[in-house]
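Enquirer: build me a model:
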Amino acid sequence: MNTALLIIDVQNALCSGEEECFDIQRVIRTINDLSAKARALDLPVILIQHEELQGALVHGTDAWQLAEDLLTAARDLRVRKTTSDAFYQTDLQPLLQARSIDRLVVCGLQTDYCVNATVRQAHALGYDVVLAADAHSTVDNGSLAAEQIIANHNDRLGRLSSAVSRIDVVAAAEIHL
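Expert: Coordinates of the predicted model:
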């Protein structure tokens with residue numbers, strides 16, 4: 001299998017201030033460990049950034065930029081998106097197809113929005129997905145604490161499978177790239 005690492009929306013607006021995701025510094029360190037392993041194996045690392053016409057994530061603003069603590073490399077690929085699903089009206093799928101990628105390791109923000117939507121769409125498109133169980137995060141939603149949301153999504157997404165693709169939910173340190 002040809003694998004790529006997707007790092008979703010690890011942007012300033014979600015890593016500090018009012019919308020700071022749960023345990024974000026640990027999550028970023030875990031993502032950095034995963035991306036270092038992927039780069040050492042010469043696997044594609046794809047940085048995905050959400051953008052809005054108005055609000056915190058307007059393209060080019062400081063809040064839109066990748067988090068300062070997120071380690072990146074010049075060879076990393078970048079995808080801009082405007083919806084939770086990183087495949088919708090973006091160049092992500094053609095980029096993956098051009099590299100014959102059929103397995104995605106996914107991490108990033110936010111668990112219940114962009115991570116969830118992208119993992120589900122990748123699965124629907126036939127990609128095998130590995131969700132790094134400890135490398136995604138979100139914020140409390142008024143009904144559930146972030147930890148509960150993360151655990152719930154790890155459980156639910158880990159139960160999805162089909163005849164052509166699967167989703168595995170695995171701690172980052174146990175992921176075989």
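
Enquirer: and the next helix or strand past the longest helix anywhere in the chain?
Expert: When the chain is parsed with DSSP state H, its longest helix is helix 24-40. Proceeding N to C from helix 24-40, the next assigned helix or strand is strand 45-50, under DSSP states H and E.

Enquirer: run me through the strand neighbours of whichever helix or strand comes after that next one, direction for each.
Expert: For strand 45-50, the following helix or strand on the C-terminal side (DSSP H and E) is strand 77-81. Taking DSSP bridges as the criterion, strand 77-81 forms sheet pairs with strand 45-50 (parallel).

Enquirer: contacts for the partner strand, please.
Expert: Strand 45-50 is contacted from outside by 4-11, 35, 38-39, 57, 64, 66, 72-73, 75-82, 86, 92, 95, 108, 114, 118, using C-beta atoms under 8 Å, 6 or more residues apart in numbering. Quick note: C-beta positions are derived from backbone N, CA and C, even for glycine.

Enquirer: run the chain-centre distance for it.
Expert: 8 Å (C-alpha atoms, centre = their mean, to the nearest Å).

Enquirer: what's the angle between it and helix 24-40?
Expert: Strand 45-50 and helix 24-40 meet at an angle of 140 degrees, taking axes from the mean of the first three to the mean of the last three C-alpha atoms, to 10 degrees as the criterion.

Enquirer: what about strand 45-50, average pLDDT?
Expert: The pLDDT scores in strand 45-50 average 98.

Enquirer: which elements pack onto the longest strand seen in the chain?
Expert: Looking across the chain with DSSP state E, the single longest strand is strand 128-137. The contact analysis (3 or more C-beta pairs under 8 Å, 6 or more residues apart in numbering; DSSP states H and E) places strand 128-137 against helix 24-40, strand 103-109, helix 116-124, helix 146-158, strand 167-170.

Enquirer: of all those, which lies closest to T138?
Expert: helix 146-158 (5.1 Å; C-beta to C-beta).

Enquirer: what distance separates that closest one from the centre of its chain?
Expert: Using C-alpha atoms, centre = their mean, the offset of helix 146-158 from its chain centre is 14 Å.

Enquirer: what are the buried residues along it?
Expert: 146, 149-150, 153-154, 157 (16 or more other C-beta atoms under 10 Å).

Enquirer: check stretch 54-64 too.
Expert: 56-57, 63-64.

Enquirer: do stretch 86-104 as well
Expert: In stretch 86-104, counting by 16+ other C-beta under 10 Å, buried: 86-87, 90, 92-93, 95-96, 101, 103-104.
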